[in-house]
Every structure is written in structure tokens, then in C-alpha cells.
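Chemist: Generate coordinates for the sequence data below:
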Amino acid sequence: PATIDTLFSPVGFIALSPDNRWLAFQPGTRAQVIVSPFPSLEERHIVAEGVEPQWRSPNELLFWRCCWGWFSVRVGPDGPMGNVQPWHTDDRFADTPGHSYTVTGDGAIVYLQSDPRESATYLRVVPGWVAKVRRAVQ
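Modeler: Numbers count the residues shown, from 1 in each chain. Prediction:
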């Protein structure tokens, strides 16, 4: 029968690599991505500031960093290798409760987009506007 085992507590998001060698997780509510060898979990490699780690391949980890976009880091036999690299950005990305994106089988991502943001082409200033409104509602 299946059993339940507590690996970490508290943990926000957790993802096992496709080859079952690495466990990526976000400790509690902290915006930090950590990678540990699995199943030993003896080492903890702090990857970067970020949330929602998900594996794109057995040796590439994606995560999201608030208000900017996604980042990627390579993971080798001994842990994270090299620097974290920007991977994708979208001004229309809509953060959602729980997982805000998912990695597809071919390494792409699926996420919710908000409506296009439109910027104003002009700003109209009406002198005495507040006073006029106050007089109109009295």
C-alpha cells in the first residue's frame, strides 16, 4: 500500500526531475529555489531567488521571478552549473493561485495571459476639476 512521508516542512512548490535524480523546491513561502539530490536530500543547493520551480528536462530547471519572467539553470551530476539565465518574459503573464504555469512534454510552457495593456496617448488636465465636482454633488 502507498505510504506518506514528510520530506520537508513547510514547502511551497516541489518538483522531481524527470530522471528522478534531483528535487527542486521552494521552502515555505520564501521566494527561493533550492535543489537537492534525491532520494538522499543530504545537500541543498540554493539556486536563486524565485518561485514555482519546474523541470524542463532532466538537466534544466525553470522558475519564475516576480514581475520579470522565467529563468533557467542547468543542473549537472554535482548540482546547479553556471549562472541563472533569463529564459522568457511576457508582460501579459497573469499570476494565478497555485502553479501559474506548466511545462509541456516538448519543453514549452503554458500559462494564462491577461488582456493587452494599453497605454494612454495623452493626459488631459482640467483646472479646478475637484471644486467643480464638489459643487455638482452639493
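
Chemist: for this structure, what spans make up the helices?
Modeler: Assigned by DSSP state H, the helices in the chain fall at 129-137.

Chemist: what sits against Gln113?
Modeler: 90, 92-94 (C-beta atoms under 8 Å, 6 or more residues apart in numbering). Bear in mind the C-beta positions are built from the backbone N, C-alpha and C, glycine included.

Chemist: Tell me the spacing between the residue most central in space within the chain and Trp87.
Modeler: Within the chain, one residue has its C-alpha closest to the average C-alpha position: by C-alpha atoms, centre = their mean, that is Trp64, at 2.4 Å. Using C-beta to C-beta, to the nearest Å, Trp64 is found at 10 Å from Trp87.

Chemist: what do these two both touch?
Modeler: Here Trp64 and Trp87 have 70-71 as joint contacts, going by C-beta under 8 Å, 6+ apart.

Chemist: Report how many residues lie close to the residue nearest to Val47 when sequence neighbours are not counted.
Modeler: Nearest non-adjacent residue to Val47, counting by C-beta to C-beta, 6 or more residues apart in numbering: Val33, 4.3 Å away. Residues contacting Val33 under the criterion other C-beta atoms under 10 Å number 30.

Chemist: Kindly report the same for the one 10 residues further on.
Modeler: The number of residues packed around Glu43, counting by other C-beta under 10 Å, is 11.

Chemist: shouldn't it be in contact with Ser36?
Modeler: Yes. Contact criterion C-beta atoms under 8 Å: Glu43 and Ser36 qualify, at 6.0 Å.

Chemist: thinking again about what came up before, surely the residue nearest to Val47 is in contact with Leu61?
Modeler: Yes. Val33 lies in contact with Leu61 (C-beta under 8 Å); the separation is 7.4 Å.
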